[in-house]
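Colleague: Just the structure for this:
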Amino acid sequence: MKTGFKFGIAAVVLTACIAGSTLWKNAHSEDEAIKEAFIGSQNISQRIGYFESDNGKTDQLSEEQIQRYIDDFNAEMDKYYSADNVCRQTYKEINEQRLRKDAKDVVYYKVDGGVLDCTCRHIKLSADGTSATMDVVCVSWGNWVEQNEYGQIEVTAPTGQDTMSVTMVKEDGQWKLQAINDMVAWFGGDAISDLQDAEQNANANGKSIFNEEQKKQMQVFEEYEQKTLFTEYDSFSEALQVAESIDPHEINPFPLWNEKGGSSLEKYAGTASWEE
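Modeller: Below you'll find the predicted structure:
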């Protein structure tokens, strides 16, 4: 009896562990599905205006080709954005206008874009499992070749880091973005400027905030800005070659910016000094 009692307790404990493990695995799986759906929503938003052509315009495309791009985009919007998300129809309309009008006569070419890094925390499922809230830090980028008002071709490849409070809902068994409740946005260009200002102030005091590897990173940022902010190209093909050569992970300043203090770096602008 005594031995049987011990075995019974062991069996109960083992069963509880298995059940607990299953529940944890299910919860973990649901969390991953929510995160993947959110990333999907951000990736498709970076596909607004996407098409392929040899001259960066849609005038080479047939009506059937344009409609196919529109239908593909709309299907992805329906997959990742809930029916009541205010952006769902708006993004569809913007995308269609880009393809049918904006990019017809001038170069307006989306080369690449999407999520570079995404951290989701404090995921809270509703009691019925059909909605969830979470806090998100998402770094994304876009890459365009565009024609300016003077007819010159430019490469635009911005990065951004957004801190958000998000609501997701489950529709037809698929997690979708319902709303971004609040957001603080940081722009990659500003992050690079913060780093440059902090370093200049440190240099004025005979110091540096960067090690040798980080100095090389800063040089990459400067070269990237030269290619995008300060250069105009004579042809679409030349600009496209430059755009395709940009590695988004190399030009992403946010890992270094966050490491060096993030938004607190702003206080080192002007006459402020840096102290390690």
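Colleague: right, and Ser82 touches Leu177 too?
Modeller: Yes - counting by Cβ atoms under 8 Å, Leu177 is a contact partner of Ser82 at 6.6 Å. The way it works is simple: take the backbone N, C-alpha and C, and place the C-beta from them, glycine included.
Colleague: Let me see the contact set for Gln60.
Modeller: Ser53, Asp54 (Cβ atoms under 8 Å, 6 or more residues apart in numbering).
Colleague: One more: Glu30?
Modeller: Leu125, Gly129.
Colleague: host element of it?
Modeller: Assigned by DSSP states H and E, Glu30 belongs to helix 2-45.
Colleague: tell me the average confidence for that helix?
Modeller: Taken as a whole, helix 2-45 has a mean pLDDT of 62.
Colleague: State the next helix or strand along the chain beyond that helix.
Modeller: Per DSSP H and E, the first helix or strand lying C-terminal to helix 2-45 is helix 63-80.
Colleague: quick one, the helix or strand just after that following helix and helix 63-80 angle?
Modeller: For helix 63-80, the succeeding helix or strand toward the C-terminus, using DSSP H and E, is helix 86-97. Orientation check (axes from the mean of the first three to the mean of the last three Cα atoms, to 10 degrees): helix 86-97 against helix 63-80 gives 170 degrees.
Colleague: what does helix 86-97 contact?
Modeller: The contact list for helix 86-97 (Cβ under 8 Å, 6+ apart) reads Ser45, Arg47, Ile48, Gly49, Ile70, Phe73, Asn74, Met77, Asp78, Tyr81, Ser82, Ala179.
Colleague: now those in a markdown table, with neighbour count and distance to Thr130?
Modeller: Listed next are the contacts of helix 86-97 as a markdown table, based on neighbours: other Cβ atoms under 10 Å; distance: Cβ to Cβ, whole Å:
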| residue | neighbour count | distance to Thr130 |
| --- | --- | --- |
| Ser45 | 22 | 23 |
| Arg47 | 20 | 27 |
| Ile48 | 19 | 28 |
| Gly49 | 22 | 33 |
| Ile70 | 17 | 30 |
| Phe73 | 22 | 26 |
| Asn74 | 16 | 24 |
| Met77 | 23 | 20 |
| Asp78 | 17 | 18 |
| Tyr81 | 25 | 16 |
| Ser82 | 22 | 11 |
| Ala179 | 17 | 15 |
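Colleague: Could you export these as CSV, including distance to Lys216?
Modeller: Listed next are the contacts of helix 86-97 as CSV, based on distance: Cβ to Cβ, whole Å:
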residue, distance to Lys216
Ser45, 32
Arg47, 32
Ile48, 34
Gly49, 34
Ile70, 43
Phe73, 38
Asn74, 43
Met77, 40
Asp78, 44
Tyr81, 40
Ser82, 44
Ala179, 41
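Colleague: and which of the residues you listed is nearest to Tyr150?
Modeller: Distance to Tyr150 across those (Cβ to Cβ) is lowest for Gly49, with 21.3 Å.
Colleague: Check the gap between Tyr109 and Leu99 for me.
Modeller: 11 Å (Cβ to Cβ, to the nearest Å).
Colleague: Residues that sit against both of these two, list them.
Modeller: Common contact partners of Tyr109 and Leu99 (Cβ under 8 Å, 6+ apart): Phe51.
Colleague: residue ranges for the strands of the stretch 101-250 of the chain, please.
Modeller: Listed in chain order, the strands found in the stretch 101-250 of the chain under DSSP state E, counting those that start in this stretch are 108-125, 131-147, 153-156, 159-171, 174-187.
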